[in-house]
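> mind folding the following:
(4 chains)
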Number of protein chains: 4
Amino acid sequence: MEENHYTLTVKCYDELGLVYRITKILFEHHLNVLTNSEYVDRESNMFFMRSEFFSNIDPKQLETLLLSVLPTGAVVNMFPKKKKPIVILATKEYHCLGDLLIRYEGKDIQAEILAVISNHPTLEEMVTRFKIPFHYISHENKERNLQEREILECIQMYKPEYIILAKYMRILSSQFVESYKHKIINIHHSFLPAFIGASPYKQAYTRGVKIIGATAHFVTESLDDGPIIYQSTIPVNHTHSAEDMAKLGRDIEKLVLAKSLELVLDNQVMINGNKTVIL
Amino acid sequence: MEENHYTLTVKCYDELGLVYRITKILFEHHLNVLTNSEYVDRESNMFFMRSEFFSNIDPKQLETLLLSVLPTGAVVNMFPKKKKPIVILATKEYHCLGDLLIRYEGKDIQAEILAVISNHPTLEEMVTRFKIPFHYISHENKERNLQEREILECIQMYKPEYIILAKYMRILSSQFVESYKHKIINIHHSFLPAFIGASPYKQAYTRGVKIIGATAHFVTESLDDGPIIYQSTIPVNHTHSAEDMAKLGRDIEKLVLAKSLELVLDNQVMINGNKTVIL
Amino acid sequence: MEENHYTLTVKCYDELGLVYRITKILFEHHLNVLTNSEYVDRESNMFFMRSEFFSNIDPKQLETLLLSVLPTGAVVNMFPKKKKPIVILATKEYHCLGDLLIRYEGKDIQAEILAVISNHPTLEEMVTRFKIPFHYISHENKERNLQEREILECIQMYKPEYIILAKYMRILSSQFVESYKHKIINIHHSFLPAFIGASPYKQAYTRGVKIIGATAHFVTESLDDGPIIYQSTIPVNHTHSAEDMAKLGRDIEKLVLAKSLELVLDNQVMINGNKTVIL
Amino acid sequence: MEENHYTLTVKCYDELGLVYRITKILFEHHLNVLTNSEYVDRESNMFFMRSEFFSNIDPKQLETLLLSVLPTGAVVNMFPKKKKPIVILATKEYHCLGDLLIRYEGKDIQAEILAVISNHPTLEEMVTRFKIPFHYISHENKERNLQEREILECIQMYKPEYIILAKYMRILSSQFVESYKHKIINIHHSFLPAFIGASPYKQAYTRGVKIIGATAHFVTESLDDGPIIYQSTIPVNHTHSAEDMAKLGRDIEKLVLAKSLELVLDNQVMINGNKTVIL
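Numbering: from 1, shown residues only, chains lettered A, B, ... in the order given. Predicted coordinates for the structure are as follows:
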């Protein structure tokens, strides 16, 4: 944590003079603004702002001050510059999880990885090498609800701020998703909304597309339909089988997941209905 | 036309020794092969080959010779290196049509543009400046079938090898499509199969995607579902309205259409079921 | 021109409270800010801001008001939302110039193209079709200075705000460049600083690179070394000759030039030493 | 290793009928060709071919047979489908090495990583977790030649087929390079030939480029000038410091290195003077 380094985010209905009102308070407290971005969505009439600065003022006090000059319903957050605790869910694939572990090892990610949970034991050896707790919670011969409750209990033990689905290949129930609203990030192996659901590379191969992609999004009740954080695509051609596409796709899946996580951890991602605003 | 420069394409069921049999004939006729590509689709067990060479032999005779050593049902074509005649259909948008006209003017396209047909008069002035016939065939106050028949008659007058839909915003009937099977190329303003049908940029905006794209494909009976020739994508973000996306999209639409046309005109595109093989 | 729609740009040394001071004035005049971006370059300690709003206030008066609260040496500009006059210089190539003409015809560019000047007659027919004056000013059998003076006189007749070098293949003298400082935009056919100077595609081919690119930049005294506005690259491979690369390159050259021009015409490009800030 | 699966590569001066002569031999031995690619470089008049097939014939015998029908000086290789032994050199950075380790762990790379050698102890812990020998060979207080000899002796112990410089930040001597000609792969953190030598991100920042890149190439005597295997670029902007660019760059460095390694390990990369041919 860099001492006194804060990120302020503001979300409220738009009105004349919002930037002026906010920067007036920052100025009156002699805060040295490092970066500042605003956006107004004309459709929803919502105002979004993100600002980084050094501050010796109590963050709660600053939030209160800012709320006092903003429209009713405004959401104001002061995030200290420190690592956010996360828990990762995975199944059997190495690439996304491994990529996060290497970034973690190289101190290249603003997260504290508290634990990895998987419905398969495959990744246990790799994870424990990095001295991170690994929980194998099988779904076999078990009611769906029961396995999910076990996962939930395990997660609650760690109190993470975000849950990362690093190729966790099971669908979460609405209740689960609701209890971590806009706190669960999934990597889907297609350029959504193309190829929703199972086997997107098989679908891509069958359709004969010339690009494949990956999408990181917040998980919502509706499958693969939550707010999109980041997407990327790469070219493929007729020589690529569905397996080749899956192999090629692994390289963008891991980058798209890592990139989206970086944006979220840096408090750059704000929710606007079913979309994201990246400031 | 470069004298004696031919492109040979072969499509047939795969068997042991096809390349050997074909290159034996080319060798025995002392043909100097410039480029050579083959592909076998393991799923359909189809063999595809494309070869460029200089030849003084009668092309029909060479086709016959090659057919004699290939499996039953083989399709063999000898294309001379010359411009293919095309007719372009458009509606009101300048960018795709204009891009093709400039390439044509700069001799940067292997096509002879015989005519442009539109259901609006908007583009007439631009087209006629390039000394290309423009036919305005309105769809207003007219039965759908009638307008299509008028277009078909107009096209038949010109005997084009390919029909290019450069943002022609009306759906063609199955009969029309069948009469020019794999000869009609459309540019769709999305990365198919995402956002099939009308207003893809509006759909993209509403979904909050972070990439938009364009797809050039052969037109088949099923809407936006024909064999894909070429696709490309570009990043967008939350600041872009549907109109902004449409504006940004124009630049990839025109490139994707031009690129796919170039591939087709150069005899690099072969049909494999509902997919393309690009050699 | 959209009535009363202005873009404000501010450039000055950074100090505490600049955004507050500026937005205070905008707020006190009830200006409805549409978009707002700021950037502080820590290295040069320069503050940059760009803001769009509707205003009924005299723009000169607003500039004066803003200057009164900003550090000495601040540069403040109020740009009305209207087309900027430009003159295009070209040589023989169709693609960049043609692309700008089609955008112009489709009202897809915020510029008034006053004239095209070339040292070859090749493009005259195309330009005049678009009812734009074409001036052929040959460099043959003529002293370099004389030809340049003729071009300069021709340009001065039109009083353009920007001069666009759309593949103008001659080097301009320092005097010429100085007289239009940061007002001349060039498209260079490489990803600068690779392949400065003549025949970049030949250089790229010889080096065996796997990507080629294009760079739009402001012209300065030092060859191909001015502030870069926009760059893009595309993959190439061993099958591409220098001529193939030139052909492929045309498609990014025209896009990079058009994109950079769009940014400049929209007052998004500010100069920061030998770099650009794009807001 | 997949039993009997071979990759054949051929390199020789071009002559009429080479494909015919080669495929004749393959056909006569009833070899079922999976993929086949050829390329002729008109400039050097060299013919390149790569073919994959299943074969029960002794590979040395097939090589001899093929050489008997090819021009003098032809190079013919039969590579069995098996993992190639490699040694990795690194310095302090985690990302490229870590990415290779994760691919190795996930069996996503056709190499046997025999050892990692570094001139710093930083990466030792990570490497040994993957049960791979780590050799710390410091360059401090040591003559340059001595340290290099120590590294060379260490490498010779392992007899690797390729040496991978995964951000090894020291320059190798000509003698070292010569003793592993076209067997050492380096990842350089710029889109070569831009920003040769030290601190390319600092150079990129200073120049104000809008794209940065990475280049994987074979190491030759001349610094950063060997045959390029693969390159990629990503956009940057004025908000990125040299450190930001370095951070962003890490993601393409690791992908470019991994991609180039995959091509080399799959025998797809052939040398053509100071260029590569990728079949």
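> quick one, strands of the stretch 1-150 of chain A?
Applying DSSP state E, counting those that start in this stretch to the stretch 1-150 of chain A gives strands spanning A:5-13, A:32-41, A:46-54, A:75-80, A:84-90, A:111-118, A:134-136.
> out of those strands, which gets nearest to residue C:55?
When the strands of the stretch 1-150 of chain A are compared by CB to CB, strand A:32-41 sits nearest residue C:55, at 16.9 Å. C-beta: built from backbone N, CA, C; applies to glycine.
> mean confidence for the helix or strand containing residue A:244?
For residue A:244, the element it lies in under DSSP states H and E is helix A:242-265. Looking at helix A:242-265 alone, the average pLDDT works out to 98.
> give the buried residues for the strand or helix carrying residue A:175.
Secondary structure assigned from DSSP H and E places residue A:175 in helix A:174-179. Of the residues in helix A:174-179, those scored as buried under the neighbour-count criterion (16 or more other CB atoms under 10 Å in any protein chain shown) are A:176, A:177.
> following that helix, which helix or strand comes up?
Scanning forward in sequence from helix A:174-179, with DSSP H and E defining helices and strands, the next element found is strand A:184-188.
> now do that following strand: which elements does it pack against?
Packing contacts for strand A:184-188, counted by 3 or more CB pairs under 8 Å, 6 or more residues apart in numbering or on different chains; DSSP states H and E, involve strand A:162-165, strand A:211-218, helix A:242-265.
> one step back: by contact count, what packs against the helix holding residue A:175?
helix A:144-158.
> what's the mean pLDDT across the helix it packs on?
Here the average pLDDT along helix A:144-158 is 95.
> and if you look at stretch A:182-200?
Mean pLDDT, stretch A:182-200: 95.
> I'd like the strands of the stretch 1-150 of chain A as CSV, with distance to chain B and mean pLDDT appended.
Output for these, formatted as CSV (distance: least, CB to the nearest CB, whole Å; pLDDT from 0 to 100):
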stretch, distance to chain B, mean pLDDT
strand A:5-13, 13, 97
strand A:32-41, 6, 90
strand A:46-54, 9, 96
strand A:75-80, 17, 97
strand A:84-90, 22, 98
strand A:111-118, 22, 98
strand A:134-136, 32, 98
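> output stretch A:174-182 as PDB, restricted to C-alpha atoms.
As requested, C-alpha coordinates have been extracted for stretch A:174-182 and formatted as PDB (Å, rounded to 0.1, in the frame of the first residue of the first chain):
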ATOM      1  CA  SER A 174     -29.000 -17.400  -9.000                       C
ATOM      2  CA  GLN A 175     -28.800 -17.400  -5.300                       C
ATOM      3  CA  PHE A 176     -25.000 -17.800  -5.400                       C
ATOM      4  CA  VAL A 177     -24.700 -15.000  -8.000                       C
ATOM      5  CA  GLU A 178     -27.000 -12.700  -6.100                       C
ATOM      6  CA  SER A 179     -25.000 -13.100  -2.900                       C
ATOM      7  CA  TYR A 180     -21.900 -11.700  -4.700                       C
ATOM      8  CA  LYS A 181     -23.600  -9.300  -7.100                       C
ATOM      9  CA  HIS A 182     -21.000  -7.700  -9.500                       C
END
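> residues contacting it, please?
Counting by CB atoms under 8 Å, 6 or more residues apart in numbering or on different chains, stretch A:174-182 makes contact with A:148, A:151, A:152, A:163, A:184, A:218, A:219, A:220, A:221, A:227, A:271, all of which sit outside it.
> what's the answer for stretch A:150-164, then?
Residues contacting stretch A:150-164 (CB under 8 Å, 6+ apart): A:84-89, A:100, A:111, A:114-115, A:117, A:135, A:137, A:176, A:179-180, A:183-185, A:257, A:261, A:264-265.
> residue A:233 is in contact with residue B:209, isn't it?
No - between residue A:233 and residue B:209 there is no contact, the gap being 10.9 Å when judged by CB atoms under 8 Å.
> ok, back up a step: which one of the helices and strands packed on strand A:184-188 is the most hemmed in?
The highest mean neighbour count among the helices and strands packed on strand A:184-188 belongs to strand A:211-218 (a mean of 26), with neighbours defined as mean count of other CB atoms under 10 Å in any protein chain shown.
> show me what that one is packed against.
The helices and strands touching strand A:211-218, judged by 3+ CB pairs under 8 Å, 6+ apart, are strand A:184-188, strand A:228-235, helix A:242-265, strand B:228-235.
> could you check whether the helix or strand that comes right after the first one is close to chain D?
Using DSSP H and E, the helix or strand that follows strand A:184-188 in sequence is helix A:200-207. No - Helix A:200-207 stays out of contact with chain D when judged by CB under 8 Å from any CB of the partner chain, the minimum separation being 15.2 Å.
> wait, does helix A:200-207 make contact with chain B?
Yes - using CB under 8 Å from any CB, we find that helix A:200-207 touches chain B at residue A:207.
> ok and that helix relative to helix A:242-265, angle-wise?
Between helix A:200-207 and helix A:242-265, the angle comes out at 130 degrees (axes from the mean of the first three to the mean of the last three CA atoms, to 10 degrees).
> can you put the helices and strands packed on strand A:211-218 in a markdown table and add distance to residue B:122?
Compiled in a markdown table, the helices and strands packed on strand A:211-218 are given as follows (distance: least, CB to CB, whole Å):
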| stretch | distance to residue B:122 |
| --- | --- |
| strand A:184-188 | 41 |
| strand A:228-235 | 33 |
| helix A:242-265 | 40 |
| strand B:228-235 | 26 |
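> residue C:41: which of the ones you listed is closest?
In this view, those are compared for proximity to residue C:41 by CB to CB, and helix A:242-265 is the closest at 22.8 Å.
> tell me what that closest one is packed against?
By 3+ CB pairs under 8 Å, 6+ apart, helix A:242-265 packs against helix A:95-105, strand A:162-165, strand A:184-188, helix A:200-207, strand A:211-218, strand A:228-235, helix D:242-265.
> so which of the ones you listed is nearest residue C:38?
With CB to CB as the criterion, residue C:38 lies closest to helix D:242-265 of the helices and strands packed on helix A:242-265, at 17.7 Å.
> quick one: distance of whichever helix or strand comes after that closest one to the chain centre.
Along the chain past helix D:242-265, the next helix or strand (assigned with DSSP H and E) turns out to be strand D:269-272. For strand D:269-272, the distance between its averaged C-alpha position and the chain's averaged C-alpha position is 11 Å (CA atoms, centre = their mean, to the nearest Å).
> do strand D:269-272 and chain B meet at all?
No - counting by CB under 8 Å from any CB, chain B has no neighbours in strand D:269-272; the shortest distance is 15.7 Å.
> excluding its backbone neighbours, what's nearest the residue of the stretch 101-250 of chain A found nearest chain C?
The shortest separation between the stretch 101-250 of chain A and chain C is 8.5 Å, found at residue A:235 (distances taken as CB to the nearest CB). Closest residue to residue A:235 in three dimensions, ignoring its sequence neighbours and counting by CB to CB, 6 or more residues apart in numbering or on different chains: residue A:211, at 5.7 Å.
> ok, now which ones touch the one you found?
Applying CB under 8 Å, 6+ apart, the residues contacting residue A:211 are A:191, A:233, A:234, A:235, A:236, B:191, B:213, B:231, B:232, B:233.
> can you redo these as a markdown table with distance to residue A:40?
Supplementary listing: the contacts of residue A:211 in a markdown table, determined by distance: CB to CB, whole Å:
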| residue | distance to residue A:40 |
| --- | --- |
| A:191 | 28 |
| A:233 | 29 |
| A:234 | 34 |
| A:235 | 36 |
| A:236 | 39 |
| B:191 | 28 |
| B:213 | 27 |
| B:231 | 33 |
| B:232 | 31 |
| B:233 | 27 |
